[in-house]
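Visitor: sequence and predicted structure, then a few things I'm wondering about:
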Amino acid sequence: MTIRCGAALLSLDATAKAIPRPRKRPVRSPAVAAAVRAHFAPGRWHGELVGAHWHSRPVSFSTRIEVRVSDLDPQLHVTGAAYHQFADHARFACVQAAGVSVDELIASGLGPVNLETMLRFQRELRGGDTVDVSCAWQWGQGKTYRVEHVLTRADGVVAATVTHVSGLLDLTARRLIADPARQWAARAHHPELLGLPGTSGAVALLGG
């Protein structure tokens with residue numbers, strides 16, 4: 001996985017043994033737990049930390065997905081619906097890796113919603129392919145934020161991009177809240193995976 005954040009550049013070689021993990025993890029379904037364990041397992045941190053670079057760009061989380069038979073159309077191409085599902089899977093895995101409990105978020109009266117989704121096809125995905133799906137969060141000053149997914153084949157070719165415009169819905173008032181970044185940052189053990197600074201930095205940045 002390539003991670004970019006902050007002004008300084010930090011390189012970690014393939015022999016790095018210390019991989020940060022959340023101290024407290026939310027309860028996960030068996031399927032999601034298995035996906036997150038696989039992502040954090042040695043050799044799967046996108047190449048055993050073969051180069052984690054910190055830069056002044058949003059953090060990019062990535063997870064690998066194998067194309068299933070159920071993802072294919074009669075021509076053995078991946079269906080449009082499957083591209084959306086790949087993006088949804090990566091986004092949920094990213095939230096879980098950041099240490100956010102979606103159950104607790106919903107119990108507090110907030111729910112993430114997608115307001116717009118744009119899918120751009122660039123190259124085909126077919127049966128038997130594997131695809132790395134990145135997840136980069138982009139924040140502004142309003143009620144919405146963007147999450148961009150880049151789907152990259154094993155040969156390094158970008159197959160598609162999926163971009164969401166999202167927000168956090170107040171489930172009682174049925175309106176978007178004004179400060180989604182603050183709510184996500186307050187619940188995340190690793191807010192950098194959501195494109196947000198650490199806890200102290202988040203408070204300063206978000207006006208706390």
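Guide: The structure has been received and is ready for your questions.
Visitor: in the longest helix along the chain, what's buried?
Guide: Scanning the chain for the longest helix, with DSSP state H as the assignment, gives helix 80-97. Neighbour-count burial for helix 80-97, counted by 16 or more other C-beta atoms under 10 Å, picks out 82-84, 86-97. All C-beta atoms are positioned from the backbone trio N, CA, C, and that covers glycine.
Visitor: packing partners for it?
Guide: helix 30-40, strand 60-66, strand 110-121, strand 130-139, strand 144-153, strand 158-170 (3 or more C-beta pairs under 8 Å, 6 or more residues apart in numbering; DSSP states H and E).
Visitor: between these, which gets nearest to residue 181?
Guide: strand 130-139 (5.1 Å; C-beta to C-beta).
Visitor: that's a helix at residue 193, yeah?
Guide: Yes: assessed with DSSP: H, G, I helix; E, B strand; the rest coil, residue 193 lies in a helix.
Visitor: apart from its chain neighbours, what residue comes closest to it?
Guide: residue 98 (4.1 Å; C-beta to C-beta, 6 or more residues apart in numbering).
Visitor: same deal with residue 184?
Guide: Closest to residue 184 by C-beta to C-beta, 6+ apart is residue 194, at 5.4 Å.
Visitor: tell me who's in contact with the one you found.
Guide: By C-beta atoms under 8 Å, 6 or more residues apart in numbering, the contact set of residue 194 is 59, 94-95, 98, 100, 137, 184-185, 188.
Visitor: swap in residue 145?
Guide: Counting by C-beta under 8 Å, 6+ apart, residue 145 makes contact with 137-139, 165-167, 180-181.
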